[in-house]
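Student: Quick one: sequence and predicted model below, then my questions.
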Amino acid sequence: MTRSPLHRLAFGALRRLLYLWVRSETINQSAFSLRLDRSKPVFYVMQQPSVSDLAVVDHECTKAGLPRPVLPVAVGDQQEPAGFFYLTPEPGWLGGQDKRGASPTLVRLVNALGQHAVDDAQIIPVSVFWGLSPDRETSPWKLLFADSWAVTGRLRKLINILILGRKTRVQFSAPIHLRELVAQDKGHERTLRMVHRILRVHFRNQKTAVIGPDLSHRRNLVKGLVHAPLVRQAIAEEAEREKVTLAKAEATALRYGNEIASDYVYTAVRFLEVVLSWFWNKIYDGIRVNRIDSVQQIAQGHEVIYVPCHRSHIDYLLLSYLLFRNGLTPPHIAAGINLNMPVIGSLLRRGGAFFMRRTFKGNPLYTAVFNEYLHTLFSKGFPVEYFVEGGRSRTGRMLQPKTGMLAITLRSFLRSNRLPIVFVPVYIGYERVLEGRTYLGELRGATKKKESIFDLFKVVGALKQRFGQVWVNFGEPIKLAEFLDHEQPGWRDEELGPQFRPAWLNDTTNRLAERVAQHLNEAAAINPVNLVALALLSTPKLALDESALVRVLDLYLTLLRQVPYSPCTTLPDGDGRALLEFVKGMQLVAEQKDALGKICYLDEQNAILMTYYRNNVLHIFALPALLASFFQSSARIGREQILRFVRALYPYLQSELFIRWSLDELDAVVDQWLAALVEQGLLKIEADVYVRPAPSSRQFVLLTLLSRAITPTLQRFYMATALLLNAGQSALSAEELEDLSVVMAQRLSILHGLNAPEFFDKTLFRHFIQTLLDEGVLRRDEAGKLSHHPQLAEVVEGVAKRVLPAEIRLSIRQVALERAEDEPAAV
């Protein structure tokens, strides 16, 4: 077609006609950064013959300034009539089985390189996706129009263009240097087969990454679950246990499968894309995405499991939207069964959601069906998304992970690990979370409401508020095989039994959950609201002179640049002044003017809400704040003593806040932070002894504000241990200590005006007590009572004197002592 001027003229006319309707884009922009050597021949390869695909590729190459595929290319002394070829022969009008065979252009290129007629030739694989739709065989309309794994004939292609041509996307890949393959000297025929195989695998992986793998339609999928061996066994056990027929037990399993399974439909995804594009532009000032290129690279050839943090109901929608917009398959999302409501549930299911009950306990048949469904998704290569925190965080902290889904994933991988699994952490940070009003009530002590996606519609009444931007950071991926190699060497050769539940499963799953949470926190997006909240909540009256607040913000930015938390962590643009003006514009900070200047403060409502945004980044400031706290009661401390105090407290901070550094790395990180504090004038160093500034100095005020970020956490630690020590050995169970700690925290929050709702969060005390048990500081006897090391009191008091104000320590001890004295009377 393009071998003569007439053909080129006809092609140009066709391209112009096509683009009266078609709109195309390069989905990952890689076309603009291809490392091409323009002195060597460049050829494009497409999987199947298609004039419309060629026209789209030619259009995108023209836009990108790349060599056009329809123009002749010189290969040594010869000239190829066009710079493209197809991997497979052309199908018939109605589609048909393609036959494998080498393109004549490719044959001539391999010959030319073999005869050294040319130094090299560069082959760029290109894929064109019309609508990005995954296959769904239950709908004839879908089969007719949607881009899929089915062989596409001319008639279907024509209708495809008419229906989906406005959403056409092109993906260019890095060039393949043919010289590297010919240089292996395997002979002409074997080299051709090798090139063909490499290109086939490439196109298959690329198509899987963009539109999803070839999965049977929902009806057949659910029926397949019921016939899986592990489900058949569960059906037989259910029939025997419930005294019902096998047919009835099988019907129950089929009902469970239909209740669970998603029904992925392109039209629903496109509908959500249109609605959400309007939504983001209406509500938010934009979405800032970081490191998605790493996901695009790892998606090919891996089963990707996205594990986002969970702050809002729109987390479900936001991630799928971004992946779709960036040429990646929207994942199948684990959603709570409470969201399977009329209309909304159907739309979510068609957008990729599958539904799960809050608990599987007492229902082994449901468990078997759900496990088999997930195993099918994993083994077929469909990306999956679930929230390791379980529910949304109401306090802004990373919640303690729920390990159920991770355990199911691990068992599925042990069962079949032919397709490598990679976890991709996704940190989603909001400058104002949509459900802020709901969270505010719960932070004030209101009863937690049942989760409902209808909470989002309450936002309509608050559209006058400014919601700022959303930050989406993709963290460092975790390859499951590598993780298991490190944690359980020899796992590949272990006999696991029919249930694939090794003895080490629970412990390894817990460590995997911690790793995922740490990687999520590593990808934190620090925004202006986080930093202003951290600064103002560290003041006694929740207020600061404006110029002083700007200095604090500039200090925090400088420290974070000097000692980056992780390569995945992002910082806001601008200086302290710009950050403060931005937060004022969101009406989260109030100000008062007088003759001496402006005072910035938090009113009662915003003071509670801002604890949420401070807690988003508390893990990043925990270590420097801990170091600063040592100097509140001591003017001089040697390095070795500082390290000793840090090592004593760090395991509990790390466990609660999922801080990234191991104990082996801790000393070096502490030295980095101490050097940064010295450089900023917050400390001085004299012969390996660190000295605080004069208490009347501005630097000491900054050091004090920094220390107060971690003070409430240390107070909770001290409360629990004080109650335990005053009660005596083997006097309290873990549950009793937990309850008493909550009561004391509520009491102290009133007495000392501590405005942090998570201060008396029961789960935080529960986790601290469990960490004391894990560290061997506490022991549980046969009756469940707690005993402790005889030197615990000495260690606790020694550390507390360093990090807590005397007033708080005395108040905690007094309340604990009163409780101990009242105990006999109560009995």
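Tutor: Here it is on my side, so go on. Numbering: from 1, shown residues only.
Student: From the contact counts, what lies against the longest helix along the chain?
Tutor: For the chain, the longest helix by residue count, based on DSSP state H, is helix 188-211. Other elements packing on helix 188-211 under the criterion 3 or more C-beta pairs under 8 Å, 6 or more residues apart in numbering; DSSP states H and E are helix 104-114, strand 122-130, strand 176-177, helix 178-182. Where you see a C-beta, it was placed from the backbone N, CA and C, and this is true even at glycine.
Student: now the ones you listed in TSV, with mean neighbour count, distance to Leu618 and mean pLDDT?
Tutor: Converted to TSV, the helices and strands packed on helix 188-211 look like this (neighbours: other C-beta atoms under 10 Å; distance: least, C-beta to C-beta, whole Å; pLDDT from 0 to 100):
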stretch	mean neighbour count	distance to Leu618	mean pLDDT
helix 104-114	18	58	89
strand 122-130	22	42	87
strand 176-177	16	48	88
helix 178-182	17	50	88
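Student: Kindly reformat these as CSV and extend each row with distance to Asp594.
Tutor: Output for the helices and strands packed on helix 188-211, formatted as CSV (distance: least, C-beta to C-beta, whole Å):
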stretch, distance to Asp594
helix 104-114, 79
strand 122-130, 62
strand 176-177, 70
helix 178-182, 73
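Student: Which one of those lies nearest to Glu797?
Tutor: Each of the helices and strands packed on helix 188-211 has some distance to Glu797 by C-beta to C-beta; the shortest is strand 122-130, at 65.8 Å.
Student: ok so, going back, from the chain's centre, how far out does the longest helix of the chain sit?
Tutor: 31 Å (C-alpha atoms, centre = their mean, to the nearest Å).
Student: before we move on, back to that, who wins for proximity to Ser379 among the helices and strands packed on helix 188-211?
Tutor: strand 122-130 (24.0 Å).
Student: Please put the alpha-carbon coordinates of the closest one into CSV.
Tutor: Extracted in CSV, the C-alpha atoms of strand 122-130 (Å, rounded to 0.1, in the frame of the first residue of the first chain):
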residue,chain,number,x,y,z
GLN,A,122,16.2,-0.9,15.7
ILE,A,123,12.8,-2.5,16.0
ILE,A,124,10.2,-0.7,18.1
PRO,A,125,7.1,-2.7,19.1
VAL,A,126,3.9,-0.6,19.0
SER,A,127,0.4,-1.5,20.3
VAL,A,128,-2.8,0.4,19.5
PHE,A,129,-5.7,-0.1,21.9
TRP,A,130,-9.2,0.9,20.9
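Student: How about the longest helix of the chain, which residues are buried there?
Tutor: Under the neighbour-count criterion of 16 or more other C-beta atoms under 10 Å, helix 188-211 has 191-192, 195-196, 199, 202-211 buried.
Student: and the next helix or strand after that helix, what does it pack onto?
Tutor: For helix 188-211, the following helix or strand on the C-terminal side (DSSP states H and E) is helix 218-226. If you count contacts as 3+ C-beta pairs under 8 Å, 6+ apart, helix 218-226 packs onto helix 229-242, helix 246-260, helix 364-380.
Student: Could you tell me how many residues sit around Ala64?
Tutor: If you count neighbours by other C-beta atoms under 10 Å, Ala64 ends up with 17.
Student: Model confidence at it, what's the number?
Tutor: Looking at Ala64, its pLDDT reads 85.
Student: returning to that earlier point: let me know which of the helices and strands packed on helix 188-211 is the nearest to Ser733.
Tutor: strand 122-130 (59.6 Å).
Student: thinking again about what came up before, can you say which of the helices and strands packed on helix 218-226 is packed in most?
Tutor: Counting by mean count of other C-beta atoms under 10 Å, helix 364-380 has the highest mean neighbour count of the helices and strands packed on helix 218-226, with a mean of 22.
Student: so what does the following helix or strand past it touch, helix or strand wise?
Tutor: Once helix 364-380 ends, the next helix or strand along the chain (criterion: DSSP H and E) is strand 384-385. In terms of contacts (3+ C-beta pairs under 8 Å, 6+ apart), strand 384-385 is packed against strand 303-308, strand 332-336, helix 364-380.
Student: which residues sit against strand 384-385?
Tutor: 303-308, 319-320, 331-334, 374, 377-378 (C-beta atoms under 8 Å, 6 or more residues apart in numbering).
Student: Give me the sheet partners of it and which way each runs.
Tutor: Strand 384-385 pairs in its sheet with strand 303-308 (parallel), strand 332-336 (parallel), by DSSP bridges.
Student: Rounded mean pLDDT for whichever helix or strand comes after the first one, please.
Tutor: Translated: strand 303-308. Per DSSP H and E, the first helix or strand lying C-terminal to strand 303-308 is helix 314-325. For helix 314-325, mean pLDDT rounds to 87.
Student: which residues sit against helix 314-325?
Tutor: In contact with helix 314-325 (C-beta under 8 Å, 6+ apart) are residues 132, 269, 272-273, 276-277, 280, 287, 289, 292, 295, 306, 308-309, 329-331, 333, 335, 348, 351-353, 383, 385, 387, 392, 426, 428, 434, 456, 470, 472.
Student: Need the per-residue pLDDT for Leu723.
Tutor: Confidence score, pLDDT, at Leu723: 88.
Student: neighbours around it, how many?
Tutor: Neighbours of Leu723 (other C-beta under 10 Å): 23.
Student: okay, the helix or strand hosting it in PDB with CA atoms only?
Tutor: Take DSSP H and E as the rule and Leu723 turns out to sit in helix 711-727. What follows is helix 711-727 as a C-alpha-only set of coordinates in PDB (Å, rounded to 0.1, in the frame of the first residue of the first chain):
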ATOM      1  CA  THR A 711       5.200  13.700  73.500                       C
ATOM      2  CA  PRO A 712       1.600  12.300  73.500                       C
ATOM      3  CA  THR A 713       2.900   8.900  72.200                       C
ATOM      4  CA  LEU A 714       5.500   8.700  74.900                       C
ATOM      5  CA  GLN A 715       2.900   9.700  77.500                       C
ATOM      6  CA  ARG A 716       0.700   6.800  76.500                       C
ATOM      7  CA  PHE A 717       3.700   4.400  76.800                       C
ATOM      8  CA  TYR A 718       4.400   5.800  80.300                       C
ATOM      9  CA  MET A 719       0.800   5.500  81.400                       C
ATOM     10  CA  ALA A 720       0.500   1.800  80.600                       C
ATOM     11  CA  THR A 721       3.800   0.900  82.300                       C
ATOM     12  CA  ALA A 722       3.000   3.100  85.400                       C
ATOM     13  CA  LEU A 723      -0.300   1.300  85.800                       C
ATOM     14  CA  LEU A 724       1.400  -2.100  85.400                       C
ATOM     15  CA  LEU A 725       4.200  -1.300  87.900                       C
ATOM     16  CA  ASN A 726       1.800   0.100  90.600                       C
ATOM     17  CA  ALA A 727      -0.500  -2.900  90.300                       C
END
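Student: my guess is Gln122 contacts Arg38, does it?
Tutor: No. Using C-beta atoms under 8 Å, Gln122 is not in contact with Arg38; the gap is 9.7 Å.
Student: Look up phi and psi at the nearest residue to Leu786 once chain neighbours are set aside.
Tutor: Spatial nearest neighbour of Leu786, chain neighbours left out: Leu778 (5.1 Å); criterion: C-beta to C-beta, 6 or more residues apart in numbering. Per-residue torsions, Leu778: phi -110, psi 160 (degrees, to the nearest 10).
Student: No further queries at this time; thank you.
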